[in-house]
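Turn this into a structure:
(one chain, ligands or ions: 2)
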Amino acid sequence: MHDDLISKPAIEVKNLQKVYLARDKKKIQKTALKGINLTINKGEIFGLLGPNGAGKSTFINILAGLVIKSNGEVNINGYNLDTSVREARQSIGVVPQELTLDPFFSPRDSLELQAGMYGVRKKDRKTKEILSALKLTDVANGYARRMSGGMKRRLMVGKAMVHSPPILVLDEPTAGVDVELRRHLWEMVQDLNNKGTTILLTTHYIEEAEQLCDRIGILNDGNLVACDTKDKLVSLIDKKELIVKLQENFISIPDSLKDLKPIIVDKKTIKFIYQPSNLNFHKILKKINSSKLNIIDFEINETDLEEVFLSITQKNSSINL
Ligand SMILES: Nc1ncnc2c1ncn2[C@@H]1O[C@H](COP(=O)(O)OP(=O)(O)OP(=O)(O)O)[C@@H](O)[C@H]1O
Ligand SMILES: [Mg+2]
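Ligands and ions are numbered 1, 2, ... in the order given. Model (predicted):
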């Protein structure tokens, strides 16, 4: 690779737009991507979250060459998708959301065929290693149509790895995969990343994005509405809950606490929802103590990524980011 390409981002997308043309009688077009700007650096694990129909697969399928963009610029590993298609394709391995396997090929044949398509020479092929890493060795010679859904998805992951791409893109890799295998796939993704592969994945499991990803982008209705580390996204919400358990039943909330807008949970429990940016937990405790209420226990609930996701993607959200 040329020196100037080494320093380029893994994926760089500028003003990416996709309009699906109408095929139905009503001639309704669908704008699936409304001008996305996104840079994914080399070595990152980047997660793309978003509700159904947000445009995640459209984005990924454009990178994979399965969907033709309507507008904008895409660079993969420094190669422009319009002018250096071959180099861009060689730099990326994509696991699409839809299972597309030839039912009459065995996993071994599928991997060999895919490697052949990418021009990987026989001596450089890693079919055996890939089968083993994906725990498919036992079924390597059977028909793909006899495999379970989870096995098929793993084989799809394997197919995307045959040419050892520096960038691996996975569209919902763990959909329909059982808990144990999901963990196994996570480990594999982390392992590949530790060895230098850049990872882009979409998921509906927020836990997956939280655990795996360095940065998370949230797509909503064709727009990238947030993009940051998990901690920064969570701090955007600026909300915490303090739940206080008191020693005695209280009759009414003391006046001195009213400006904190307490919520009565039960006769001994009060909840305070506050913004950590302008009020801290010590100040609240001090006020409670000075109002002569005796605290026997308390709990702080932090915002999690799920709350961020919901507040960004739900139309009637009261939080503006
Ligand atoms: N081939 C197509 N023709 C017309 N519209 C399409 C086509 N593919 C996708 N769409 C529309 O584009 C929008 C984005 O779809 P996309 O599959 O990219 O969403 P997604 O975020 O991957 O959703 P999911 O979470 O359900 O996989 C949706 O409204 C979808 O109906
Ligand atoms: Mg999708």
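
how about the spatially most central residue of the chain, phi and psi?
The centre of the chain sits closest to Gly47, judged by C-alpha atoms, centre = their mean, with a distance of 2.7 Å. In terms of degrees, to the nearest 10, the main-chain angles of Gly47 are phi -110, psi 130.

Quick check: which element contains the residue in the chain that ligand 2 sits nearest to?
Taking C-beta to the ion, ligand 2 has its nearest neighbour within the chain at Ser57, 3.1 Å off. In short, each C-beta sits where N, CA and C put it, glycine included. Ser57 belongs to helix 56-64 when assigned by DSSP states H and E.

tell me what that helix is packed against?
strand 11-20, strand 30-40, strand 45-49, strand 71-76, strand 92-95, strand 167-171, strand 198-202 (3 or more C-beta pairs under 8 Å, 6 or more residues apart in numbering; DSSP states H and E).

ok now it, how far from the chain's centre?
In terms of C-alpha atoms, centre = their mean, to the nearest Å, the gap separating the centre of helix 56-64 from the centre of its chain is 14 Å.

Domain boundaries for this structure, per the record?
By the assignment in automatic domain parsing, the chain contains the domains 3-91+165-234, 103-157, 240-302.

Tabulate these (JSON lines), appending mean pLDDT and distance to Gln97.
Output for the domains of the chain, formatted as JSON lines (pLDDT from 0 to 100; distance: least, C-beta to C-beta, whole Å):
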{"stretch": "domain 3-91+165-234", "mean pLDDT": "91", "distance to Gln97": "4"}
{"stretch": "domain 103-157", "mean pLDDT": "91", "distance to Gln97": "10"}
{"stretch": "domain 240-302", "mean pLDDT": "88", "distance to Gln97": "32"}
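
circling back to that earlier point, of the helices and strands packed on helix 56-64, which approaches Thr127 most closely?
strand 92-95 (14.7 Å; C-beta to C-beta).

which other residues reach the next helix or strand after that closest one?
Using DSSP H and E, the helix or strand that follows strand 92-95 in sequence is helix 107-117. With C-beta atoms under 8 Å, 6 or more residues apart in numbering as the contact definition, helix 107-117 has outside contacts at 101-102, 105, 125, 127, 130-131, 136, 139-142, 144, 147, 151, 155, 158-159, 162-163.
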